[in-house]
Every structure is written in structure tokens, then in C-alpha cells.
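*Asks:* just coords:
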């Protein structure tokens, strides 16, 4: 399947809430999942980053996330649950603005409930970077971008300038 164009920051479709997927749509999802895979792999080759992608990022307004770290995982109609209020502050990146990092707060742990390609209900407990990753992708389904979650007005950094992130943290330890 083809590599799809990733919608970039400023595209109004990125702010739309995605539609639930119905069981009878599963067959129609297969080419979309292949496109998500190919697009993610292509992005990884070009930018050296990318672990997951949400369908809205390629203009498919459905509640679908594709993750490929060691093996592909498809999340259909995912829901997040947070059992604690423990947060972490991280520099988030996004395929929709590949040259920008945004400092955001995310829950350190979460549980994701979803359906797989066999329409079976599943759930996973996530922690740390995987928790952050799935929160980020889930936000895409809600029409929320990381730039909307920035900690403050100084929470932006071009990827070419990331070497300054640690210097700023050292100079301003309270931030």
C-alpha cells in the first residue's frame, strides 16, 4: 500500500474528533492499517523516529492507532484509564510537526482498553514512555495536538536545537 501524506500542524482536520469504528468496518480497515504501517516505516527512515501513528494523522477520521515497536499492534476504539495522578514532564515529538519538540505533562501510568482486529476486547497497562506514547496518539483521536498541551510559552524547541534542552534544565532546575 502507499505511503500516505502526514497532515501537518495547521491542517484543520487534525482538530476533529474521530468516529468510533463498527465491527462491520473491520475489512475496510485492512488497507488503512497497511497505509499506517508504510507511512510509519517511511517516517522512521526519514527522521529516525516514530513508534506509532493515529489514523487522523493521515486524514482517516476513525478511532484507530497503529503501533510498531517490536511487533505491530492495532488499537481499535481505544479508551484510556488513569489509576493515579502521578505525572511526568517530557519533550514530546509528533509526525505532524517533525521539526518541533513540545514540553508536556503526561500521566506516568495508564491502562488502555481497546479492540483488536478480531474484535476481541483487550487491555494493557502502560508505564513511562509507552504510557506517554499512547496518550499522545489517543489525543489525535480527540483532535488534540501536543502543542495544545504545552506546559508554558517556553515549552517549544526545534529538533535541531535539542542540545539546549539539557542546558536550560540545568540553569532552571525548578522547571
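*Replies:* Great, that's in hand. In this text the structure is predicted, and so the values were computed from the model without any measurement.
*Asks:* What residues sit buried inside stretch 144-160?
*Replies:* Neighbour counts over stretch 144-160 (16 or more other Cβ atoms under 10 Å) mark 144-147, 149-150, 155-157 as buried. All C-beta atoms are positioned from the backbone trio N, CA, C, and that covers glycine.
*Asks:* Next: stretch 112-120.
*Replies:* Per 16+ other Cβ under 10 Å, stretch 112-120 contains these buried residues: 112, 114-115.
*Asks:* Go through the residues you listed and flag which are in strands.
*Replies:* Cross-referencing those against strands under DSSP state E gives 112, 114-115.
*Asks:* Low-confidence ranges, the protein, go.
*Replies:* Along the chain, segments meeting pLDDT under 70 span 1, 166-175.
*Asks:* Identify, by residue count, the longest helix of it.
*Replies:* Scanning the chain for the helix with the most residues, using DSSP state H, yields helix 26-47.
*Asks:* can you pull out the strands in the protein?
*Replies:* 52-54, 64-68, 72-81, 87-92, 100-107, 109-115, 121-127, 156-158.
*Asks:* Which stretch among the ones you listed is buried most, on average?
*Replies:* strand 52-54 (a mean of 25; mean count of other Cβ atoms under 10 Å).
*Asks:* who's in contact with the residue most central in space within the chain?
*Replies:* Taking Cα atoms, centre = their mean, the centroid of the chain lies closest to residue 137, which sits 2.5 Å from it. Contact analysis of residue 137 by Cβ atoms under 8 Å, 6 or more residues apart in numbering lists 52-54, 65, 67, 75.
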